[in-house]
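A.B. asks: this one's structure only:
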């Protein structure tokens, strides 16, 4: 899961399919992602908690009753493994590194993307969303 071509493919798919809901190092979730309930988890944290096989299953099959779609019908297993490989790099990726990789790949920005990278992967991002009036308090870890 660490070949440069696999990681480059994973970056492209991650940036196109995942950033709007999950954000990325230095990139907060978009308004769509911030409005999901349950709130999409920080994938840098998930990569540390879940193994590659479980991440692959989630990306392929989605999670019922959440905003996490199944990408299996629209992506090959090789593309899904590329996404998993890239997600596995997120805990060690800074906002500056992610922004540079996006530029190098010639990818455009995403809704919610910070103008300047804001820090290392895994930083708390609760400031990027607000709960609706009357919503019960929660932490990102209880999803």
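C.D. replies: Arrived safely, thanks for sending. Everything numeric here is computed off the predicted structure, so don't read it as measured data.

A.B. asks: Hmm, residue 94 is touching residue 44, no?
C.D. replies: No: applying Cβ atoms under 8 Å, one finds residue 94 not in contact with residue 44, separated by 10.7 Å. In short, each C-beta sits where N, CA and C put it, glycine included.

A.B. asks: Looking at these two, which is more packed in?
C.D. replies: residue 44 (22 against 16; other Cβ atoms under 10 Å).

A.B. asks: what's the distance between the more buried one and residue 76?
C.D. replies: Remark: distance between residue 44 and residue 76 (Cβ to Cβ, to the nearest Å) = 25 Å.

A.B. asks: Repeat that for residue 69.
C.D. replies: Distance from residue 69 to residue 76, by Cβ to Cβ: 16 Å.

A.B. asks: Those two - which one has more neighbours?
C.D. replies: residue 69 (14 against 10).

A.B. asks: who touches that one in this structure?
C.D. replies: residue 62 (Cβ atoms under 8 Å, 6 or more residues apart in numbering).

A.B. asks: Tell me the pLDDT of it.
C.D. replies: With respect to pLDDT, residue 69 has a value of 97.

A.B. asks: ranges for the strands of the chain?
C.D. replies: With DSSP state E as the criterion, the chain has no strands.

A.B. asks: Now do the helices in it.
C.D. replies: Assigned helices in the chain, in chain order: 4-17, 19-22, 31-34, 43-49, 52-61, 77-89, 95-104 (criterion: DSSP state H).

A.B. asks: among these, which gets the worst mean confidence?
C.D. replies: Mean pLDDT values for the helices of the chain show the minimum at helix 43-49, a mean of 91.

A.B. asks: elements contacting that helix?
C.D. replies: Secondary-structure packing of helix 43-49 (3 or more Cβ pairs under 8 Å, 6 or more residues apart in numbering; DSSP states H and E): helix 77-89.
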